[in-house]
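K.L.:
Need coordinates for the below:
(chains A, B, C and D)
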Protein chains: 2
Amino acid sequence: MMFQIDFKSGKPVYLQLADQVRYAAASGALRPGDPLPSIRPLAEELRVNRNTVAKAYAELESQGVIETAPGKGCFLKENNSPFTKQVRQKLLITEIDEAVVMAHHLQVDRDRFLALVNERLDYFERKSGATKRDD
Amino acid sequence: MMFQIDFKSGKPVYLQLADQVRYAAASGALRPGDPLPSIRPLAEELRVNRNTVAKAYAELESQGVIETAPGKGCFLKENNSPFTKQVRQKLLITEIDEAVVMAHHLQVDRDRFLALVNERLDYFERKSGATKRDD
DNA sequence: TCAACTGTCATATAGTCCTATGACAGTAAA
DNA sequence: TTTACTGTCATAGGACTATATGACAGTTGA
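P.N.:
So this is what the prediction gives:
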């Protein structure tokens, strides 16, 4: 589905979820005014307590990313650009660095690493091509 | 100094430290047989409790990265790749996938992503080359 | 109105992370 | 031996994360 939790990462679940909502907003997967998944169903889907989802949403609301309306639901706010282009690039570089460090640690050389990266890019392109939405 | 902790990251301190030791080993900043900083001084320097440093070291020892000798100190192990080739590749692919997924989220296209990967590879190669020591 | 949904709040429980602190045993050098 | 270092262990407490659960009020549609 739209959100995924890594329970082994050591990173709090509510932060993972909040980050993913921000990414969805940044990437356009969620647009201003769009409803977010309701707390209870999402908690069930992610196999997480409803309080944990509520905490993620509460944080997002306090940061002005979403709007919550008791009785109605949660919606993406109009003017949400929590990430500038620079910040987004920094986020990506952090992820890339972790992979590069792991490659060093595992003594995988540059060519083999780049081959793996291309392989995974192919894999995800095939995958997302299959799930492309009609908007 | 050699290690740095980000107290705002949400990631446990002992995991951050363990990762940095692994990186130091991978990059050559620490070589097999080298002594690691002693627990108490390092804890003081990082402004962290000594138990937290001890926990990081204990994890590294259980993973075969370092060796601890009560009364003497902690030292980088000779052959620190406790993982089989398959397991290592799987670990690496997991890291790569996280970066690829992030790139998708942030709408960074393939060419730009590969350019960033190469840039970071260059960066780390320069860095590990520059930290070569005179012993 | 009634039922089913929405978010919200309060309480209790458990686990982890981190701190603080004292104590112990092994090592090494004066 | 004494002193100062090393890693290790045990205990206690605070903060945070997450769980489980019950209850409440607002919204919506039958």
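K.L.:
contacts, neighbours, all on C-alpha from now
P.N.:
OK.
K.L.:
wait, what's in contact with the most centrally placed residue in chain A?
P.N.:
When Cα atoms, centre = their mean is applied to chain A, the residue found nearest the centroid is residue A:20 (2.4 Å). Applying Cα atoms under 8 Å, 6 or more residues apart in numbering or on different chains, we find residue A:20 in contact with residue A:3.
K.L.:
and it, that's in a helix?
P.N.:
Yes: counting by DSSP: H, G, I helix; E, B strand; the rest coil, residue A:20 is found in a helix.
K.L.:
burial count for the residue of chain A with the smallest separation from chain B?
P.N.:
As assessed by Cα to the nearest Cα, chain B sits closest to residue A:105 within chain A, at 4.3 Å. If you count neighbours by other Cα atoms under 10 Å in any protein chain shown, residue A:105 ends up with 20.
K.L.:
how far away is the residue nearest to the centre of chain A from residue B:10?
P.N.:
Counting by Cα to Cα, to the nearest Å, the gap from residue A:20 to residue B:10 is 16 Å.
K.L.:
so residue A:23 touches residue B:106, yeah?
P.N.:
Yes: taking contacts as Cα atoms under 8 Å, residue A:23 lies within contact range of residue B:106: 6.8 Å.
K.L.:
Verify the contact between residue A:66 and residue A:59 for me.
P.N.:
No: with contact defined as Cα under 8 Å, residue A:66 does not count as touching residue A:59 (9.2 Å).
K.L.:
mind checking the SS state of residue A:75?
P.N.:
strand.
K.L.:
Just give me the neighbour total for it.
P.N.:
By other Cα under 10 Å, 21 other residues sit near residue A:75.
K.L.:
So stretch A:90-98, near chain B or not?
P.N.:
Yes: using Cα under 8 Å from any Cα of the partner chain, we find that stretch A:90-98 touches chain B at A:92, A:93, A:95, A:96, A:97, A:98.
K.L.:
Tell me which residues are up against that stretch.
P.N.:
By Cα under 8 Å, 6+ apart, stretch A:90-98 touches B:95, B:96, B:98, B:99, B:102, B:103, B:116, B:117, B:120.
K.L.:
What about the residues you listed, which one has the most neighbours?
P.N.:
The most crowded member of the contacts of stretch A:90-98, judged by other Cα under 10 Å, is residue B:96 (26 neighbours).
K.L.:
That residue: which element?
P.N.:
Taking DSSP states H and E as the criterion, residue B:96 maps to helix B:85-105.
K.L.:
Next: residue A:59.
P.N.:
Secondary structure assigned from DSSP H and E places residue A:59 in helix A:50-62.
K.L.:
OK, contacts around residue A:56?
P.N.:
A:14, A:15, A:17, A:18.
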